[in-house]
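[1] Okay, sequence plus prediction incoming.
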Amino acid sequence: MPLSNSAFPSQTRSHRPLTILARYGLILALVAVFAIFSATTPTFLTPANLQSILVNNFTLLAIVSIAMTFAVSAGGIDLSVGTSVDFASFAFVSLVLAGQPVALGLLAGLAVGAAVGAFNALLISWIGVSPFLATLGTLFIGRSVQQLLTNGGNPVYLPPSGVPQAFRFLGHGYIAGFPVPLAISVLIIAAAVMLFTRMRFGRVVLSIGIQPSVVRYSGISLGGHIAATFILAGLIAAVAGLILTATVTVYIPSSGNAFLLNAIGATFIGTTLSSLGRPNVAGTVLGVLLLSIVANGLLLTGLNFYWQQVGTGTLIFAVLAFSFINRKTVGA
């Protein structure tokens with residue numbers, strides 16, 4: 001007679017706390033760091049600081065991390081999301097300085113970001129280069145192109161009198177008391193949730209990341225879906241580039257790469273929220289929020305930038321290691 005789980009009640013009960021910790025370790029870490037900074041930093045819970053976390057720390061990283069989530073969901077990675085951010089910013093600034101309309105500059109920025117994704121798609125889907133190597137190459141090319149276009153990496157400023165009011169609104173405006181950049185990030189997050197949960201394309205992308213051979217044998221265009229995923233990732237990252245430019249009114253070469261490592265970290269931290277260890281939008285958003293709170297809290301404590309990076313890296317390692325060790329223990 002087959003044995004049921006009830007034949008080993010003590011083992012099942014002993015693993016239950018570990019299962020909970022493995023599944024909800026991200027949420028527990030988020031609650032823990034929030035509580036620690038609330039107790040140790042007097043200004044952490046002030047409305048101004050909480051808004052700063054959402055607008056200055058969370059917004060742009062969330063958008064770039066959603067782009068990364070698409071690439072990782074398809075079984076790859078996109079190391080060139082920062083390049084899409086930078087090229088979108090450069091395209092907009094260049095057209096506005098040339099006297100072109102804001103709308104044309106915005107469309108050009110989005111198109112350039114999508115073009116970066118299309119270049120990755122060409123390398124990955126049609127030539128067969130691995131996503132890691134393809135996007136790494138795009139990162140290096142993009143960095144070099146920016147250096148060439150700006151005489152060695154000089155910033156390109158929009159003069160105060162030359163910044164259109166409509167564009168200022170994109171970076172500093174409010175809608176019903178809600179910051180416009182944050183509203184855009186929320187819309188992108190909601191659209192990503194709908195795409196992955198309600199649309200066939202999203203379900204196919206998730207299937208590609210899990211079992212690409214099954215997708216291929218099902219008659220679904222594997223290369224086409226992977227290509228579309230990387231184009232979409234480039235387009236989403238370009239939105240972050242436009243918001244960044246609208247906020248600081250300057251294009252700084254390779255500034256988009258500052259989001260890369262944290263976007264990777266947030267995406268993989270988010271996988272701990274999935275029972276299968278897969279990328280998911282909710283997990284990525286919580287991962288971004290965790291990193292945003294840590295960055296803000298460490299800044300308030302007076303630690304210099306390099307120690308902030310040590311703290312962030314340690315946290316990413318701790319959350320991932322804790323989850324993986326617990327899953328291995330539970331599965332043993």
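    That came through fine. Numbering: from 1, shown residues only.

[2] Which residue ranges of the stretch 201-332 of the chain form helices?
    Secondary structure of the stretch 201-332 of the chain by DSSP state H, counting those that start in this stretch: the helices cover 212-217, 222-248, 260-270, 281-300, 305-331.

[3] which other residues reach the third one?
    Helix 260-270 is touched from outside by 26, 61, 64-65, 67-69, 72, 77, 79, 81-82, 279-288, 290-291, 312-313, 316, 319-320, with contacts defined as CB atoms under 8 Å, 6 or more residues apart in numbering. C-beta coordinates here come from the backbone N, C-alpha and C atoms, glycine included.

[4] Please repeat the previous calculation with a cut-off of 6 Å.
    With contact meaning CB atoms under 6 Å, 6 or more residues apart in numbering, helix 260-270 is reached by 61, 64-65, 68-69, 72, 82, 279, 283-284, 287-288, 291, 316, 319.

[5] That one: which residues count as buried?
    Applying a neighbour-count criterion of 16 or more other CB atoms under 10 Å, one finds 260, 262-270 buried in helix 260-270.

[6] for the fourth one, same thing?
    For helix 281-300, the neighbour count (16+ other CB under 10 Å) marks 281, 283-300 as buried.

[7] which stretches of the stretch 51-200 of the chain have low pLDDT?
    Applying pLDDT under 70 to the stretch 51-200 of the chain picks out residues 162.

[8] Which parts of it are helices?
    Secondary structure of the stretch 51-200 of the chain by DSSP H, counting those that start in this stretch: the helices cover 59-73, 81-97, 102-121, 131-149, 165-172, 180-198, 200-210.

[9] For my notes, please list the ones you listed in CSV and give mean neighbour count for each entry.
    Shown next, in CSV, are the helices of the stretch 51-200 of the chain (neighbours: other CB atoms under 10 Å):
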stretch, mean neighbour count
helix 59-73, 29
helix 81-97, 27
helix 102-121, 22
helix 131-149, 18
helix 165-172, 15
helix 180-198, 17
helix 200-210, 17
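
[10] So which of the helices of the stretch 201-332 of the chain is nearest residue 43?
    Ranking the helices of the stretch 201-332 of the chain by proximity to residue 43 (CB to CB) places helix 281-300 first, at 6.1 Å.

[11] got the angle for that closest one vs helix 59-73?
    Interaxial angle of helix 281-300 relative to helix 59-73 (axes from the mean of the first three to the mean of the last three CA atoms, to 10 degrees): 140 degrees.

[12] can you tell me which residues contact the residue most central in space within the chain?
    Central residue of the chain (CA atoms, centre = their mean): residue 65, 0.5 Å from the mean position. By CB under 6 Å, 6+ apart, residue 65 lies in contact with 263, 266-267, 284, 288.

[13] any idea how far stretch 87-106 is from the chain center?
    The chain centre lies 24 Å from the centre of stretch 87-106; the measure is CA atoms, centre = their mean, to the nearest Å.

[14] Please apply the same query to stretch 72-90.
    With CA atoms, centre = their mean as the basis, stretch 72-90 stands 9 Å off its chain's centre.

[15] Identify the residue spatially nearest to residue 153, adjacent ones excluded.
    Closest residue to residue 153 apart from its sequence neighbours, by CB to CB, 6 or more residues apart in numbering: residue 253 at 4.6 Å.
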